[in-house]
Each structure stands twice: as C-alpha cells, then as structure tokens.
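S.K.: pasting the sequence and the predicted coordinates here, then a few questions.
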Amino acid sequence: MGSYREAYQRSITDPAGFWQHAAEAIDWIDPPDRILDDSTAPIFRWFPGATLNTCHNALDRHVHSGRGDQPALIHDSPVTGITRTWSYRELRDEVAVFAGALRRLGVERGDRVVIYMAMVPEAVIAMLACARLGAVHSVVFGGFGARELAARIDDAQPRLVIASSCGIEGGFKGGFEGGIENGIEGGIEGRIKGRKVVRYQPMLDAALAESAHVVDWCVILQRPEAPADLVPGRDLSWADAVLDATPADCVPVAATDPLYILYTSGTTGRPKGVVRDNGGHAVALRWSMENIFGVRPGEVFWAASDVGWVVGHSYIVYGPLLAGATTILYEGKPVGTPDAGAFWRVIEQHRVSAMFTAPTAIRAIRKEDPEGELLSGRDVSCLRTLFLAGERLDPRTYEWAGDLLGIPIVDNWWQTETGWPIAASPRGLQELPTRPGSPSVPMPGYRVRVVDPYGVDVPAGVEGVIVLGLPLPPGCLPSLWRDDERYVRSYLSAFQGAYLTGDGGMFDADGYLYVLGRTDDVINVAGHRLSTGAMEEVLAEHPAVAECAVIGVGDLLKGQIPRGFVVLRAGVGTPPAVLEAELVARVRERIGAVAALRRVDVVAALPKTRSGKILRATMRDVADGREEPVPATIEDPAVLEALRPVLRTPR
Ligand code: COA
Ligand code: AMP
C-alpha cells in the first residue's frame, strides 16, 4: 500500500507518468502513447489517440479473465419484493442483446439515447448497451418532471428515449403481499398495496410534446405495477425490442469520445450537460475504486444512490464493474421499505464490504431509530467503510454513524462535473485519520486551492472560494455538451487557469479541507442538486406573480429545503393559501416531486440591491438565523425588515 503523500506529489509533479501508470489497469485497443493534449487549453483532453470500449472493460474483460460466474449486479428491490443476481457472463449477454436491439432501431456510435427509468436493472443494461455501441447515454433522474426531461431531450437530441412505465417509491407498510393491483386511473401517482407508484408515461408524453426535437422511438419497459399505454408508431416495449435481437460486439471508440452526458443544475433554469469521456473516465474510476474506496475485485460495493445522479453513474454502474467487484442496485429507501433497518439488512444479506450513501439517508435512519436498535442482531462485520457524500456531512451525523457501526466514516467531496472524489481519505493508500466536518485531503490530480475574490490564495483557517488548478485530472468533464463557450464562461473565466467549483471553504493548518457550502444559488436537497433558478422560472410564469425568489434554507433532515417568495401583480385577489397550493403543484409537475418545494409565501416586496439584484444570500442568512451584516448596496432596508418575521417563521 503506497502512501497518500507520495501518490499526491507524483500526480502533481508528473501527471503524465502518474496517469500513464494508472492507465495500465485498463484494456485498450490502441494504448495511449500521448497522455495529455494541452493544445486547446483551457480545454484539455486525456489519452488522445487511444481507443477502447468502456463496456468491454466493465463486462467482457472480466468474463475473459475468469470472473464470468461471479455476481456482477444484484438488484435488491424491497418495493417489489424481488432480489435477483446477474453474473458477469449473464450481464454481458443481456447487455449485448439489448445493444443489438438498439442497433436494429438505428442507434450507432455517437448517437444519443435518453434513459428515464426507475432503479431497475434494465437501466444499468441500457447504459452499458449504449457504451457497447459507442452511443452516448443521458440518464434523467426519475424524480424529474416533464420540463426537466424536455430540456434534456432538446439539448441532447437523442435518437431514442428508453423509459420505464413507472417507478415505485417507498412507503409501503407491512410485507410485500404478492399480487398487484393495476390501474392507477389517469394521473401520475397512485398507491398499490400501500406503495406509491409514479407513472412515467404522462411525464414522457408531456416532455415529448414540449420539446422541439423529435425522437425516432421510445422503448418502454412495461412494469406490472402500472404498464403504459404504448403509442403506436412511437413506442415499443422492451420485450418486443429485444425479441430475436442479434447480440452486438463492443465498438472501438476514441478515449476522447463521449461516454455519457449527465445534466446538472446550474444557477439558471437551463441545465448543464456535463460530458464524460471514455478513456479518462475508465482510468480515473478504476483507480478510485482501488485507492480511494479500497475495494478489490470480487468484493461487494454498494452505493445507495440513484442511477440518475453522478454517484449512481460512477459508483453503482461503472466504478464497481470496471474494478471487477459486485455492485448492488437498491430499489428502496433508507426508511419505510420497510423500516430504518433496511440498510443493515442489505449489508448483511449481500456481505457488503464498502458502502456509499448521502448523509441525509443516515439522518433519516437516525430520526426513526435514534438508538440504532434495528442494527442489533444483524451481522454487518463485513462492512469495512461507510463513504458519505453529496452534501455537507454534519459532525453529528458523522459521529452517530461512527459510534453505531464502529468503522471509519469517510466524508468525500465532489460534484457531477468531476465524476469522482476531489477530496477524501483514501482507504486503499496508507490510511489518513478522518476529521469531523472535513472531507479530508485533495485526491491525486486535483490542485485544490482556496482563494479570495482576486484569485489570491488565502492562508489556512481563512474561508474563500474553492478552485481547482488546470488541467483537471482524467474523469473530470472535458467540456459541456456541444458548448465549449458555456463551459469556459461558467467554470474557467472567474479565475485564470482554474476551475470554479461553486463551493466555498477553507484548509486547516494540517491541509484538511472544509467545504462549507455553495457560493451560488444551487441548492442541495436530500443530496439532490437543484436549481433555484429553475423553480423561480416556474413561479414567475404564474399569471398572479409579479416577482419571485427561491432560496435554500437549512433543514435538519434534508440539509436544505427550498422556500419560495412571491410578490403579486396589482389587483390579484387570490387568497395566499390557494395561490401557494397552485404554485407548489406547478413546480411539482414541471420540475418534479424531487424539487420538494412545499412553502411559498406571498410578500409585499423582495429586498434588492440598488442595481435591482434580489438579495437571496441575505434572505438565506436571515432564514437560517445567521446575523450577517446587511450589504451596503441594499436599496431599501425597510423591505428586508418587513420580511424578517416571515423568513424566520417555520411552518
Ligand atoms: N421517481 C419519482 N419520484 C421520486 C423519485 C423518483 N426516482 N425520487 C424521489 N421522488 C419523490 C419522492 O417520492 C418524494 O415525493 P413526495 O413529495 O410525494 O413525498 C419527493 O420526490 C421528494 O423526495 P426526497 O427528497 O427523496 O424525499 P423523501 O421524503 O421521499 O425521502 C430520504 C427522504 C432522506 C429518505 C431520501 O431523500 C433519501 O433516501 N435520500 C438519500 C439521498 C440520495 O440518495 N442522494 C443521491 C445522491 S448520493
Ligand atoms: P452533485 O453535482 O449533485 O454531486 O452536487 C455537488 C455539490 O454537492 C457540491 O458542489 C457541493 O456543494 C455538495 N457536496 C457534495 N459532496 C459534499 C461533501 N462531502 N461536503 C460538502 N458538500 C458536498
């Protein structure tokens, strides 16, 4: 086991040597001879000229090297009562057949495919099938509604959409009783045996109607809980799509070709299409599995996230499979499926070595089972490490999980854009002690700096803006989908030679990093990254609304939750409660249930600067009970004073 300091130093002083060595763990068709192309800086490309196939590295190579019978994927679904395992060979074969089905539908290398599915194994199969063909998948989280889906379809311009007919959300009481009642009459949501079933088709239909782009086909996975009414000439069931399909082989692609696009929330309503390439991604993820997560081939790794988020892409699908480990796709919640002991059950049943989830999930368990009683009687001795990320890990949750499980709790900090941890305590290198409140230290390849507004590094202990020196390591976004200009403008323009993370924080005297929160209007609700700008757009479209603001306020369970404030047009007499219900419903329908906007207050005015900018950060400070000085640029301090009681009142 090497030392962290040596690995980090080498990655900075000799990045080409460091990553060339890491690249040896990948099967290449044409191995890299050049490691980094800096000719188009500030846009950099890793492993130019090399070719490979990511699906081959995730599946076929393990079958060839004798792991064919080892479990590759376990679908554990408490919401349907199903648990099923695929060996590497079985998964490879199903992926090859589905890739053949996609090819028959016209999908070729470079084509985009949007995947809008619940946590079903077919989502993983669809992603890997795209990778096999060199097609570019773009997975849209199932909790997003029609508008978010439409925006992604318009930007990615997919040939196909692959969707599941429904998702099954948690909340069922008692055991699974078998038998299924169909028929959620109309509408999007319904309950079947106490479970909430969300139909995806109405959202898909609305998104396709709203988007300008026209897709060739929609492949629909029919789930028995709520099958969709297929649209003739547009929709094809998954079962029909794969019927007699000829298995497809892996298509060689350039290391610099896109593997996927994953849209993420920025400050405006228009999501950003983060591009992931094939080569850098495979090298970085493989390296991270062994060195950061300390996972060896054959071990079981479980990321309790969703395939719609970057954690799901990197550590449910690609990372564990590239490493020859077994991955778990868990279709359930930390609580309510059936109780707060669900995570411990999964760890025991599948002998999980390392687990990854969001702090919110642990807070949800703690809330329901504060003494951890549901752990007793469970043998979770297989679990070596719990990794937590996606939002700030508050020290209380860190301590609670550590005391309960008696294993290291590893906070790690990263983003959709980077694809793998920027900072962590690497478990595969000589161990560094962890500290509450800190995701530990920068990972190899990341030149993490904390700077002041002029780009000057601030001393230890002083807060600033966190930036990453260029080039970013392999695996990080090379650009935004077909929009280099927006990539440069959004991330690379604030500070010369550096990538703006959007997070603020500081180093301590020992070089441990503390990430203290976003410096922009992006919010993080239950580990889900959301744009307040997108919610504001929906509120502003309501005919009664003259002006609005959405801010993220602190929440004990979800970290942050959104709150809306609207100023009405003159003469509007709708009662505030009626308007609030309408606005909440609109946001839920257009952005999705995951937006979790439940409160909108009607106010007389919004506090602004003299140049007309709404003082959202100041509103957030007041709502969270922080006594920060009011900016000198405020136009009318009386407006803020009038708003204070509303901001401070929980409902
Ligand atoms: N499809 C359809 N609806 C979805 C959905 C999906 N994939 N994911 C979430 N939703 C819905 C939920 O059912 C909920 O609906 P409701 O308003 O009717 O209750 C709403 O979106 C908000 O979801 P969420 O914020 O997740 O709240 P919750 O109360 O359902 O669950 C937790 C709270 C803490 C249990 C849950 O957020 C959780 O498990 N978080 C872990 C974090 C995580 O996985 N993060 C991913 C990055 S690591
Ligand atoms: P996402 O792109 O959805 O992964 O969200 C990334 C954002 O989540 C980051 O920019 C941070 O604001 C936040 N985040 C993720 N992990 C952590 C962490 N360990 N500590 C603090 N914030 C985090």
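M.R.: Perfect, I can see it now. Ligands and ions are numbered 1, 2, ... in the order given.

S.K.: only C-alpha atoms from now on, for both contacts and neighbour counts.
M.R.: Fine.

S.K.: and the residue in the stretch 1-150 of the chain that ligand 1 sits nearest to, helix, strand or coil?
M.R.: Here the stretch 1-150 of the chain gets closest to ligand 1 at one residue, residue 143, 3.6 Å apart by CA to the nearest ligand atom. Look at residue 143: counting by DSSP: H, G, I helix; E, B strand; the rest coil, its state is coil.

S.K.: the closest residue to ligand 1 within the stretch 201-350 of the chain - how many residues pack around it?
M.R.: Nearest to ligand 1 in the stretch 201-350 of the chain, going by CA to the nearest ligand atom, is residue 305, at a distance of 3.9 Å. Look at residue 305: counted by other CA atoms under 10 Å, it has 25 neighbours.

S.K.: once you drop chain neighbours, what's closest to it?
M.R.: Leaving aside its chain neighbours, residue 305 sits nearest to residue 312 (5.7 Å; criterion: CA to CA, 6 or more residues apart in numbering).

S.K.: per-residue confidence at that neighbour?
M.R.: In this model, residue 312 is scored at 98, pLDDT.

S.K.: which residues touch whichever helix or strand it is part of?
M.R.: Take DSSP states H and E as the rule and residue 312 turns out to sit in helix 310-312. Outside helix 310-312, the residues that touch it by CA atoms under 8 Å, 6 or more residues apart in numbering are 262, 303, 305, 306, 415, 416, 419.

S.K.: now whichever helix or strand comes after it: how far from the chain's centre is it?
M.R.: Heading C-terminal from helix 310-312, the first helix or strand you meet, by DSSP H and E, is helix 319-322. Helix 319-322 sits 17 Å away from the centroid of its parent chain (CA atoms, centre = their mean, to the nearest Å).

S.K.: list of residues touching helix 319-322?
M.R.: Here helix 319-322 has contacts from 57, 58, 59, 72, 282, 285, 286, 288, 289, 301, 326, 327, using CA under 8 Å, 6+ apart.

S.K.: in these, which residue is surrounded by the most others?
M.R.: Result: residue 282 is most packed of the contacts of helix 319-322 (other CA under 10 Å), 32 neighbours.

S.K.: you'd agree that residue is up against residue 475?
M.R.: Yes. With contact defined as CA atoms under 8 Å, residue 282 counts as touching residue 475 (7.3 Å).

S.K.: name the residues of the stretch 351-500 of the chain found near ligand 2, please.
M.R.: 389, 390, 391, 392, 393, 411, 412, 413, 414, 415, 416, 439 (CA under 6 Å from any ligand atom).

S.K.: residues from the stretch 351-500 of the chain in reach of ligand 1?
M.R.: 357, 358, 360, 361, 364, 390.

S.K.: name the element the residue of the stretch 201-350 of the chain closest to ligand 1 belongs to?
M.R.: Counting by DSSP H and E, residue 305 is part of no helix or strand.

S.K.: show me the residues around it that make contact.
M.R.: Contacts of residue 305 by CA under 8 Å, 6+ apart are 311, 312, 316, 330, 356, 357, 358.

S.K.: show me the contacts for the nearest residue to the fourth one once chain neighbours are set aside.
M.R.: Spelled out, that is residue 330. Nearest residue to residue 330, sequence neighbours excluded (CA to CA, 6+ apart): residue 76, at 4.9 Å. Contacts for residue 76 (CA under 8 Å, 6+ apart) come out as 82, 83, 84, 328, 329, 330, 331, 346.

S.K.: filter these down to just the buried residues.
M.R.: Buried subset of these (neighbour count, 16 or more other CA atoms under 10 Å): 328, 329, 330, 331, 346.

S.K.: keep only those of those residues that are in helices.
M.R.: Counting by DSSP state H, the part of the buried ones among the contacts of residue 76 found in helices is residue 346.

S.K.: tabulate the buried ones among the contacts of residue 76 (JSON lines), appending distance to ligand 2.
M.R.: Shown next, in JSON lines, are the buried ones among the contacts of residue 76 (distance: CA to the nearest ligand atom, whole Å):
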{"residue": "328", "distance to ligand 2": "20"}
{"residue": "329", "distance to ligand 2": "18"}
{"residue": "330", "distance to ligand 2": "19"}
{"residue": "331", "distance to ligand 2": "19"}
{"residue": "346", "distance to ligand 2": "23"}
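
S.K.: is the residue lying closest to residue 246 once chain neighbours are set aside in a helix, a strand, or coil?
M.R.: Sequence neighbours aside, residue 100 is the residue nearest to residue 246 in space, at 5.2 Å (criterion: CA to CA, 6+ apart). Here residue 100 is helix, with the state taken from three-state DSSP.

S.K.: what about residue 100, how many neighbours?
M.R.: Number of residues near residue 100 (other CA under 10 Å) recorded here: 24.

S.K.: contacts only, for it.
M.R.: Counting by CA under 8 Å, 6+ apart, the residues that residue 100 touches are 242, 245, 246, 247, 248.

S.K.: can you list those residues in CSV and add secondary structure and neighbour count?
M.R.: Formatted as CSV, those follow (DSSP: H, G, I helix; E, B strand; the rest coil; neighbours: other CA atoms under 10 Å):
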residue, secondary structure, neighbour count
242, helix, 18
245, coil, 17
246, coil, 15
247, coil, 18
248, coil, 19
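
S.K.: just flag the most distant two among these.
M.R.: 242 and 248 (11.8 Å; CA to CA).

S.K.: what do these two both touch?
M.R.: In contact with both residue 242 and residue 248: 97, 100, using CA under 8 Å, 6+ apart.

S.K.: what parts of the protein come near ligand 1?
M.R.: 118, 142-143, 167, 169, 198, 305-306, 311, 333-335, 357-358, 360-361, 364, 390, 526-528, 593-594, 596.

S.K.: so which of those residues belong to strands?
M.R.: 167, 169, 198, 357, 528 (DSSP state E).

S.K.: of all pairs in the residues you listed, which one spans the longest distance?
M.R.: Top of the distance list for these (CA to CA): 198 and 357, 23.3 Å.

S.K.: can you show me the helices along the stretch 251-400 of the chain?
M.R.: 279-291, 310-312, 319-322, 342-350, 359-368, 395-405 (DSSP state H, counting those that start in this stretch).

S.K.: highest mean neighbour count out of the ones you listed?
M.R.: helix 319-322 (a mean of 28; mean count of other CA atoms under 10 Å).

S.K.: regarding residue 578, what is its secondary structure?
M.R.: Relying on three-state DSSP, one would call residue 578 helix.

S.K.: residue 208 too?
M.R.: What three-state DSSP gives for residue 208 is helix.

S.K.: list the contacts of it.
M.R.: Residue 208 touches 150, 153, 214, counting by CA under 8 Å, 6+ apart.

S.K.: mind checking which of these land in helices?
M.R.: Per DSSP H, the contacts of residue 208 map to helices at 150, 153.

S.K.: can I have the buried ones of the contacts of residue 208 as a PyMOL selection?
M.R.: The PyMOL command for the buried members of these (criterion: 16+ other CA under 10 Å) is given here:
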select buried, resi 150+153
